[in-house]
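>>> below is the sequence, then the predicted model.
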Amino acid sequence: MNRLILFLFLLITLSSGAAEKDYRVIPFESFGEGEVMKYRVHYGFVTAGEATMVVDNKLYRLNDRPCYRIDVFGETTGLADGLFSIDNNWGTFLDTAAVIPHKSYQFIKEGGYRRNRIVDFDQQQRLARLNKLHKESRELVEVEEYEVPQNVQDMVSGYYYLRTLNYDKMKEGQIIAVDAFFDGEIYDFKVRYLGKEKIKTRLGRKRAVVLEPIMPDNEVFEGGNPIKVWISDDQYKIPLKVRANLLVGAVEVDIKEFRPGR
């Protein structure tokens, strides 16, 4: 009888362990609960908007996994707000160990345009359920289900995943590949590591990792590699600056405030 009990105990333990192994583990210390980053969006000397990235002060539990809730808010200000008002909220529930999303959402207000979406991820079954909501009431209108790659990211979680990588071990020109799901499409997102340099910011002069998203041909951006991202080369890997070269000039996003999380 004792052997039978021991056998059942081991069986349950091993089964639980097998389920847990379906999730990867990425050690990192770059962000945590309570982190806040604020940015100025500008076109030359003209401020066009503000953006804020916030990690909630508490953890949430989705799919029986602890998660950070991360929100990204973007809005126009001043003259830009009068010309074309934008008030957007993107968010994700990010697995604290595997650094993958279990749920994402977007609530978009751009002029008279509205779009509301919630995506539920089943990372073990490799499925994404896209919930399309009414543009005003946010009531559920339609559900679509998609097969997705293992450890797929959303638009917000992929950005935070880049903050967990060890760039000291990378060679200049190395490509980072990230699978991302967005609005019913799967994107093979690629970022090129360009090396490190020092830049001037409101947080002081910072040594930064330089990344270059590889963009498909389009009619908005200028040149073959129009976007660069600078991330602080320290414990926090703070996104410091983004520069996008457009056909009509350059838009920049610069950090103006950083409060570290736990």
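Great, that's in hand.

>>> quick one, helices of the stretch 51-200 of the chain?
78-83, 155-161 (DSSP state H, counting those that start in this stretch).

>>> not counting its neighbours along the chain, what's nearest the most centrally placed residue in the chain?
With distances taken as CA atoms, centre = their mean, the residue of the chain nearest its centroid is V156 (2.1 Å). Leaving out its chain neighbours, the residue that sits closest to V156 by CB to CB, 6 or more residues apart in numbering is T92, at 4.2 Å. Where you see a C-beta, it was placed from the backbone N, CA and C, and this is true even at glycine.

>>> wait, isn't the one you found in contact with L62?
No. Counting by CB atoms under 8 Å, T92 stays clear of L62, with 10.5 Å between them.

>>> sorry, back to before: who does the residue nearest to V156 bridge with?
Beta bridges link T92 to I70, S104, judged by DSSP bridges.

>>> wait, what's in contact with it?
Under the criterion of CB atoms under 8 Å, 6 or more residues apart in numbering, the neighbours of T92 are 69-70, 101, 103-105, 154, 156-157, 160.

>>> residues touching L94, list them.
By CB under 8 Å, 6+ apart, the neighbours of L94 are 67-70, 100-102, 156-157, 160.

>>> so which of the residues you listed comes closest to L140?
Comparing the contacts of L94 against L140 with CB to CB places H102 closest, at 18.6 Å.

>>> measure the closest residue to T201 other than its chain neighbours to P27 for me?
Distances taken as CB to CB, 6+ apart place L240 nearest to T201, at 5.2 Å, with adjacent residues excluded. To P27, L240 is 23 Å away according to CB to CB, to the nearest Å.

>>> so between these two, which is more surrounded?
Comparing L240 with P27 by other CB atoms under 10 Å, the one with more neighbours is L240, at 24 against 7.

>>> circling back to that earlier point, of the contacts of T92, which pair is most distant in space?
Comparing every pair within the contacts of T92 by CB to CB identifies Y105 and Y160 as the most remote, at 15.3 Å.
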